[in-house]
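A.B. asks: pasting a predicted model and its sequence here:
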Amino acid sequence: MANLIDGKRISQEIKDELKEKTAGLKRQGIEGCLAVIQVGADPASTVYVRNKKRACEYIGIESRSFELPEETTQEQLLELIQNLNTDELVNGILVQLPVPDQIDENKIIQAIAPQKDVDGFHPQNVGALTSGLPGFVSCTPAGVIQLLKRSGISIAGKNCVVVGRSNIVGKPMALLMLREHATVTIAHSRTQNLKEVCRQADILIVAVGKPKLIDASYVKEGAVVIDVGIHRNEDQKLCGDVDFDSVSAHAGAITPVPGGVGPMTIAMLMYNCVQAMTR
Ligand code: NAD
């Protein structure tokens with residue numbers, strides 16, 4: 001039976017470290033403030049936004065909420081972002097995605113000042129990651145690195161397969177594993193022989209958005225399996241992109257869903273907010 005990689009415990013550990021750090025910064029007169037913008041009332045987004053605000057409160061930074069109506073125009077949103085970019089009291093800006101269709105997501109991402117882009121989505125921060133320069137790193141992949149490191153799993157020299165090539169998860173994930181000296185393969189929807197490719201992995205990271213796509217037949221005996229996917233099954237229970245029951249009998253270590261990668265995303269958002277305070 002695989003060892004369970006406990007994202008709940010590790011994310012709590014990180015938030016407690018950050019809480020201590022913000023207390024120290026406060027003593028030096030440095031305050032944190034994250035602006036959280038939500039356009040429309042998508043229920044999943046509302047839950048994410050609420051959890052982000054709670055995490056801010058926990059680590060001791062202010063969160064400023066902007067709940068805009070569904071029909072908000074791109075110009076109105078851009079104007080708000082411009083105001084927040086120049087507001088000296090705000091050190092992080094987050095626009096909860098997805099935004100409604102009338103708004104171009106890329107334009108919004110590019111409008112956020114890179115030094116306040118705590119989601120790490122701005123092309124300048126993506127470029128910095130690619131070139132090995134300091135910058136904000138996308139929270140979910142950064143969280144996966146922390147899960148591995150804090151579980152004592154070594155990365156250097158390992159064969160890592162990342163399944164999925166999205167801008168938010170797959171691509172930055174592959175770059176981060178490369179930065180940690182893994183030998184990295186990126187697989188995606190056009191990959192041939194996905195099973196064989198996955199079976200080469202010492203560390204298999206799955207971010208495809210397809211419930212239970214990966215079963216034990218994709219996994220080398222003893223491999224580390226990280227499941228980024230989040231879905232609700234027919235009984236409204238959460239599950240991942242990995243078939244946990246099948247894979248956990250076979251893998252060396254595995255993240256559960258829930259309680260694996262999920263809580264790490266918010267912990268790393270808080271990490272980026274504290275970085276933004278100290279810049
Ligand atoms: P996405 O839809 O943007 O990208 C999915 C990727 O998977 C694509 O690059 C595609 O090429 C690849 N893919 C699709 N079908 C495939 C197949 N059959 N075989 C191989 N590759 C295939 O999704 P995303 O934003 O990267 O998210 C992926 C999953 O992770 C989703 O379930 C999402 O909900 C979840 N997610 C979780 C967190 C978290 O905090 N835990 C954060 C972001 C995303």
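C.D. replies: Yep, it's here.
A.B. asks: in stretch 136-152, what counts as buried?
C.D. replies: Residues of stretch 136-152 classed as buried: 136-148, 150-151 (neighbour count, 16 or more other Cβ atoms under 10 Å). In short, each C-beta sits where N, CA and C put it, glycine included.
A.B. asks: quick check, nearest of the residues you listed to the ligand?
C.D. replies: residue 140 (4.1 Å; Cβ to the nearest ligand atom).
A.B. asks: how about that closest one, phi and psi?
C.D. replies: When read as degrees, to the nearest 10, the backbone of residue 140 gives phi -70, psi -50.
A.B. asks: now do the lowest-mean-pLDDT helix or strand in the chain: distance to the chain's middle.
C.D. replies: Averaged element by element with mean pLDDT, DSSP states H and E, the chain has its least confident helix or strand at strand 231-232 (a mean of 93). In terms of Cα atoms, centre = their mean, to the nearest Å, the centre of strand 231-232 is set 17 Å apart from its chain centre.
A.B. asks: right, and the helix or strand after that strand?
C.D. replies: Using DSSP states H and E, the next helix or strand after strand 231-232 towards the C-terminus is strand 238-239.
A.B. asks: for that following strand, packing partners?
C.D. replies: strand 231-232 (3 or more Cβ pairs under 8 Å, 6 or more residues apart in numbering; DSSP states H and E).
A.B. asks: my guess is residue 212 meets residue 238, correct?
C.D. replies: No: with contact defined as Cβ atoms under 8 Å, residue 212 does not reach residue 238; the gap is 11.9 Å.
A.B. asks: report all helices and strands that the helix or strand harbouring residue 54 contacts.
C.D. replies: Using DSSP H and E, residue 54 maps to helix 43-59. Applying 3+ Cβ pairs under 8 Å, 6+ apart, we find helix 43-59 packed against helix 7-27, strand 33-39, strand 62-68, helix 262-278.
A.B. asks: include distance to residue 123 when you put these into TSV, please.
C.D. replies: Formatted as TSV, the helices and strands packed on helix 43-59 follow (distance: least, Cβ to Cβ, whole Å):
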stretch	distance to residue 123
helix 7-27	27
strand 33-39	19
strand 62-68	23
helix 262-278	17
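A.B. asks: as TSV, these with mean pLDDT and distance to residue 225 would be great.
C.D. replies: Formatted as TSV, the helices and strands packed on helix 43-59 follow (pLDDT from 0 to 100; distance: least, Cβ to Cβ, whole Å):
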stretch	mean pLDDT	distance to residue 225
helix 7-27	98	13
strand 33-39	98	32
strand 62-68	98	34
helix 262-278	97	15
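A.B. asks: to the ligand, which of these lies closest?
C.D. replies: Between the ligand and the helices and strands packed on helix 43-59, the tightest spacing by Cβ to the nearest ligand atom is seen for helix 262-278, at 3.5 Å.
A.B. asks: is that closest one up against the ligand anywhere?
C.D. replies: Yes: among the residues of helix 262-278, 262, 265 lie within reach of the ligand under Cβ under 6 Å from any ligand atom.
A.B. asks: list the buried ones in that helix?
C.D. replies: Per 16+ other Cβ under 10 Å, helix 262-278 contains these buried residues: 262-277.
A.B. asks: tell me the contacts of residue 72?
C.D. replies: 39, 40, 100, 103 (Cβ atoms under 8 Å, 6 or more residues apart in numbering).
A.B. asks: hmm, I was thinking of residue 148
C.D. replies: Here residue 148 is in contact with 5, 155, 203, 224, 226 (Cβ under 8 Å, 6+ apart).
A.B. asks: hang on, the fourth one packs against residue 255?
C.D. replies: No: judged on Cβ under 8 Å, residue 224 makes no contact with residue 255 at a distance of 9.0 Å.
A.B. asks: any common contacting residues for the two?
C.D. replies: Residues within reach of residue 224 and of residue 255 at once, by Cβ under 8 Å, 6+ apart, are residue 5.
A.B. asks: low-confidence ranges, the stretch 101-250 of the chain, go.
C.D. replies: Under the criterion pLDDT under 70, no range of the stretch 101-250 of the chain is flagged.
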